Each structure stands twice: as C-alpha cells, then as structure tokens.
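Peer 1: Let me see the structure of the following:
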Amino acid sequence: MHSLVKLAKEAIEAYIKEGRAISPPSELTLEMKEQAGVFVCIKKHGELRGCIGTFIPSCQNVALEIIKNAICAATQDPRFNSVKKDELDELTYSIDVLTPPEEVIDVNKLDTKKYGVIISKGYKKGLLLPDLEGVDTVDEQLRIAKIKGGISPDDKDIKIFRFEVRRHN
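Peer 2: Purely as a prediction, here's the structure:
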C-alpha cells in the first residue's frame, strides 16, 4: 500500500474508532513534504462512499492535507452518512495529489483521462477529477463540473481551469 494511501486509511480508522485526528509521520516522504491540493476518495465494494478534497493547499504539507481531507471524506461528504466502524474493513482508498490549476481558453486542450477540470462563475466553482469511470467526453466532464458547482449546464460565461493528478490507490 502506498504511503499516502496508508496515511489516509490510518487517519480515517483512528478518527472513526477513537474520535481523534492522528499526527503526520515523524519522518515525511518527499511527496508528503510538498504543499498541494489533495483529494481523498473512499470506496466500498467499488462504489463511491465519500470524496472530499482541496484544489488549493490549505495545510502546511500534503501529509496534513491528507489527514484533514480523509477525515472529512469519511464524516462530512454531504452525499453520504458518516463511515461506521463496522465498514472500515470493506473500504478502499485513493489519493489524488493535484498540480496547481491553469486556466484553459480552448476546450481542445482538455482531455478527460489526463486533466481534471474546475469550472468557475463568480463565487461558484465545480470540480471534477480526471479519469473517472463513465466520464468519456470533455462535454460530459464540463457538464458534470458545472452541475457540481451549481452552474447551469448551458452557461457559456464561465472560466475553465485544468489540473493533473498523481493518483495513488
């Protein structure tokens, strides 16, 4: 198991079992020392069970970002009830470490397998990670990101940003 995935698993298990947030490892890997946005996704039997993240870093390093987002994914994703103790052995985790977003003017520069997208209109923002099952076209990726951000799927007065991820399962 990759060290970032292991950290997310330990953070969720400690929080669900004992109600405490763990500390990062005393010796951080190079990747844990970086500062980057991170998404933590939880699946149960292959189905999404929770996914929360940040596209701009909010913590001192990736290790702290993972711990914070792992606990949020397990307990605060509004689409799901909090993870229960008896589910922990059935969960799998993936960690996406994001590159800084860059604005895209030409949608031909997007690729659903390679880039995630952020759609922005005023204070509204919708994000969709790259390489998601069932999202095969740029139009579908943009439509879903708009809906997630509370933006009309038909709205063309938007800003589009793309980012890449290093995904660890």
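
Peer 1: which residue is nearest the middle of the protein?
Peer 2: Ranked by distance to the mean C-alpha position of the chain (Cα atoms, centre = their mean), the top residue is residue 39 at 2.2 Å.

Peer 1: pretty sure that residue is in a strand, no?
Peer 2: Yes: membership of residue 39 in a strand is supported by DSSP: H, G, I helix; E, B strand; the rest coil.

Peer 1: From residue 32, how far out is residue 24?
Peer 2: Applying Cβ to Cβ, to the nearest Å, the value for residue 24 to residue 32 is 7 Å. Every residue, glycine included, has its C-beta placed from N, CA and C.

Peer 1: what do these two both touch?
Peer 2: 7, 61, 63 (Cβ atoms under 8 Å, 6 or more residues apart in numbering).

Peer 1: looking at these, which has the most residues close by?
Peer 2: For the shared contacts of residue 24 and residue 32, counting by other Cβ atoms under 10 Å, the largest number of neighbours falls to residue 7: 26 neighbours.

Peer 1: Which pLDDT value goes with that residue?
Peer 2: Per-residue pLDDT puts residue 7 at 97.

Peer 1: next one: the one 4 residues further on
Peer 2: Confidence per residue is given as pLDDT, and for residue 11 that number is 98.

Peer 1: mind checking the longest helix of the chain?
Peer 2: Scanning the chain for the helix with the most residues, using DSSP state H, yields helix 3-18.

Peer 1: Show me what the helix or strand following that one packs onto, helices and strands only.
Peer 2: For helix 3-18, the following helix or strand on the C-terminal side (DSSP states H and E) is helix 30-33. When contacts are defined as 3 or more Cβ pairs under 8 Å, 6 or more residues apart in numbering; DSSP states H and E, helix 30-33 sits against helix 3-18, helix 62-75.
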